[in-house]
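Asks: Structure for the following, please:
(one chain, ligands or ions: 2)
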Amino acid sequence: MNENSTSQVEISRRRLLGTVGAAGAAGLAIGAAGGAVAHASTADDPATALTTVGSTEVMFHGKHQPGITTPLQSRGHLIAFDLAAAAGPAAARKDAIALMRRWSVTASRLMAGKPAADGDTGIALDAGPSSLTVTFGFGRTFFGRTGLAAQRPAALDPLPAFSSDQLDPRRSEGDLWVQIGANDGLVAFHALRAIQKDAGKAARVRWQMNGFNRSPGATAHPMTARNLMGQVDGTRNPKPSEPDFDQRIFVPAEGRPGWMAGGSYAVVRRIRMLLDNWERLSVPEQEQVIGRRKSDGAPLTGGSETTELDLDKTGPDGKLIVADNAHARISAPEQNGGAAMLRRPYSFHDGIAADGTPDAGLLFICWQADPLKGFVPVQRKLDRGDALSTFIHHESSGLFAVPGGPESGEYVGQRLLES
Ligand SMILES: C=CC1=C(C)c2cc3[nH]c(cc4nc(cc5[nH]c(cc1n2)c(C)c5CCC(=O)O)C(CCC(=O)O)=C4C)c(C)c3C=C
Ligand SMILES: [Fe+2]
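Replies: Residues are numbered from 1 along each chain as shown. Ligands and ions are numbered 1, 2, ... in the order given. As a prediction, this is how the structure comes out:
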C-alpha cells in the first residue's frame, strides 16, 4: 500500500500475502513499500484466491512510481515513443505536458480498475485492476526536444559501449518510455492500447516489446522467479527491508536534479538467450556458468537459496567451487565496489527466428539511483569475462529517468515540465 492511501481499502492481509507470494515476488516487499492492496476480504478458498488476483490494486500516487518495487507481474509491455516534430521546443513542451496529463489520468483510472476516460476499448471489462502498474520515464533525447536541456540529469549520459553489444538502434532508447505490468493479459493489453491511443499525434511509437513471468498461483508457495534458462533469478536482489535499499534504488529528496527526487533510473536491455546452445550443456555445466544450483538457486558452495556464496571455498581438487568467471561471482556487489541494482525483468518469446532458434530471452530491466553505481560497473565486468556471455546477446538498450510518483492532483513529470 502506498504511504498516502492506507485508509482507502479493506485488506485481507493473509490473502494479500498469498497473492503476492504466488506472483513470484523475487523477495520484494508488499504493503507499505510494494504499493498493492486487495479489495476482497472473504474466505480463503481456491475460488476466492483467483478473485484476489483480479482485485489487487497498486496505488498510482505516492513517493515512487508503481512498477519498481511492485512484485513481478505475469504480463509486461514496454513501449517507447518519440515526440512528434513540433514547431520548436516551446510547442513540443506544451504538447508533452498535455500528453503526460492524459497518460497520468489514464494510468490512475486503469490502475484503479476503472475504464479509460475517453473511448474505452472494453478489453478489460469484467476484470479487476489485477495489479496493473503503468510507469513513465524520460529518455536523454526528450530534454533537447522540449527545451529542457538544462534539466537533463547527468545520469542520462549515454551508457558506455560494451564489447559484446549487438544493439539495434531502432529498438533502443526513445524520448519517452512506458512500462506496463499486470497479472492478467487482457488488463495489460488494455493499458497498452489506451496509452498508445492517448499518444495521438503527440508521439509515435519507436519500439514495443512484450514479456511475461510466472502466473500468480502457479507454484505451491512463494518462490523467486525463473528465467527461460530455467535458473532461479532474483535471489540476491536488494530488499526494501534493507537499510540501504532506498539509497541504492531511489534518488534522494536532496538529490540532483530536484525534479528526480524519489525517482529512479531504469536500464532496459533486450537480451536474447541462445537457448539451443544453452540446453546442450549438462545441468552441472549450466550450474558452473552461474555458480548456483539450477533446482533451487542455492550456491554451489552449499546451503539453501538464501545462503551467502562462499567465493573462496575450494573443492577437493583445490579449485574454486564458484568459478572465476561464474555469473553470480562477477555480478556480486562485493566484487564491484558495492554496485547494486534492483533487477525486475520479464521473459520474452517473439516466435522462431529464420535460423529455427527461438527468439526468446530476457527483457532485463534494472533500477538504481545512479546507473554509474549500478548497471555500468557490473556490466563492464560481465562484458570482460562472464561465463554466461557465450549464451546471450544484448540486442537493444535504453536508459530512462523515471521521476518520483505524482502526488494526488499532479501528473507524472510535472515537476520537470513546469520547472
Ligand atoms: C549488468 C547487469 C546484469 C545483467 C545484464 C545480467 C544478465 C543476466 N543474468 C542472468 C541470470 C542470473 N543473474 C543472477 C544474479 C545477478 N545478476 C546481476 C546482474 C546482471 N545480470 C546481479 C547484480 C546479480 C546478483 C549478484 C549478487 O548480488 O550476488 C543470477 C543468480 C541469482 C540471483 O541472485 O538473482 C542468475 C541466475 C541472466 C539469465 C541474464 C541475461 C539473460
Ligand atoms: Fe544476472
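
Asks: so who does the spatially most central residue of the chain touch?
Replies: Against the mean C-alpha coordinate of the chain, by C-alpha atoms, centre = their mean, the closest residue is R344 at 3.9 Å. Counting by C-beta atoms under 8 Å, 6 or more residues apart in numbering, R344 makes contact with 26, 67-68, 72, 365-367. (Each C-beta comes from the backbone N, C-alpha and C, glycine too.)

Asks: one more time with 6 Å
Replies: By C-beta atoms under 6 Å, 6 or more residues apart in numbering, R344 lies in contact with I365.

Asks: Give the closest residue to L78 in space, chain neighbours not counted.
Replies: Counting by C-beta to C-beta, 6 or more residues apart in numbering, M209 is the residue found nearest to L78 once chain neighbours are left out, at 4.6 Å.

Asks: Could you list the buried residues of the helix or strand that the one you found is a member of?
Replies: For M209, the host element (DSSP states H and E) is strand 203-212. Neighbour-count burial for strand 203-212, with 16 or more other C-beta atoms under 10 Å as criterion, is recorded at 203, 206-207, 209-212.

Asks: Contacts for the longest helix seen in the chain next, please.
Replies: Taking DSSP state H as the criterion, the chain has its longest helix at helix 89-111. For helix 89-111, the external contacting residues (C-beta under 6 Å, 6+ apart) are 60, 83, 86, 116-117, 129, 132, 134, 145-147, 191, 194, 198, 202, 411-413, 417.

Asks: what's the angle from that helix to strand 203-212?
Replies: 30 degrees (axes from the mean of the first three to the mean of the last three C-alpha atoms, to 10 degrees).

Asks: Next, the residues that contact the helix or strand just after helix 89-111 from outside, please.
Replies: Heading C-terminal from helix 89-111, the first helix or strand you meet, by DSSP H and E, is strand 133-139. Taking contacts as C-beta under 6 Å, 6+ apart, the residues outside strand 133-139 that touch it are 58, 65-67, 70, 107, 173-175, 177-181, 191, 266, 400-402, 412.

Asks: again, only this time at 8 Å
Replies: 58, 60, 65-68, 70, 73, 80, 100, 103-104, 106-107, 110-111, 156, 173-182, 191, 195, 266, 398-403, 412-413, 416.

Asks: Also stretch 408-419?
Replies: Under C-beta under 8 Å, 6+ apart, the answer for stretch 408-419 is 4, 61, 65, 93, 96-97, 100-101, 103-105, 107, 136, 138, 146, 148, 151, 257-259, 261, 403-406.

Asks: Now do that stretch: distance to the chain's middle.
Replies: 22 Å (C-alpha atoms, centre = their mean, to the nearest Å).

Asks: who in this structure is up against ligand 1?
Replies: Listed as neighbours of ligand 1 in the chain under the rule C-beta under 6 Å from any ligand atom: 227, 229, 231, 233-236, 269, 271, 273, 290, 292, 297, 327-328, 331-333, 341, 361-362, 364, 375, 378-379, 382, 388, 392.

Asks: Next step: those restricted to helices.
Replies: 290, 327-328, 375, 378-379, 382.

Asks: hang on, T56 packs against G113?
Replies: No. The criterion here is C-beta atoms under 8 Å, and T56 misses it with G113 at 9.9 Å.

Asks: Quick check: neighbours shared by these two?
Replies: 128-129.

Asks: The two: which is more packed in?
Replies: T56 (30 against 18; other C-beta atoms under 10 Å).

Asks: Enumerate the positions of stretch 58-67 that are buried.
Replies: Under 16+ other C-beta under 10 Å, the buried positions of stretch 58-67 are 58-67.

Asks: Actually, stretch 133-153.
Replies: Neighbour counts over stretch 133-153 (16+ other C-beta under 10 Å) mark 133-143, 145-146, 148, 151-153 as buried.

Asks: Low-confidence stretches in the stretch 1-150 of the chain?
Replies: Across the stretch 1-150 of the chain, the ranges flagged by pLDDT under 70 are 1-51.

Asks: Please repeat the previous calculation with a cut-off of 50.
Replies: Residues of the stretch 1-150 of the chain meeting the criterion pLDDT under 50: 1-34, 39-50.

Asks: Compute the number of surrounding residues for the residue of the stretch 51-200 of the chain found nearest ligand 1.
Replies: Closest contact between the stretch 51-200 of the chain and ligand 1, by C-beta to the nearest ligand atom, is at F162 (9.2 Å). The local packing of F162 (other C-beta under 10 Å) involves 18 other residues.

Asks: between the strand or helix carrying I180 and strand 133-139, how big is the angle?
Replies: Assigned by DSSP H and E, I180 belongs to strand 176-182. Orientation of strand 176-182 against strand 133-139 (the same axes, to 10 degrees) gives an angle of 160 degrees.
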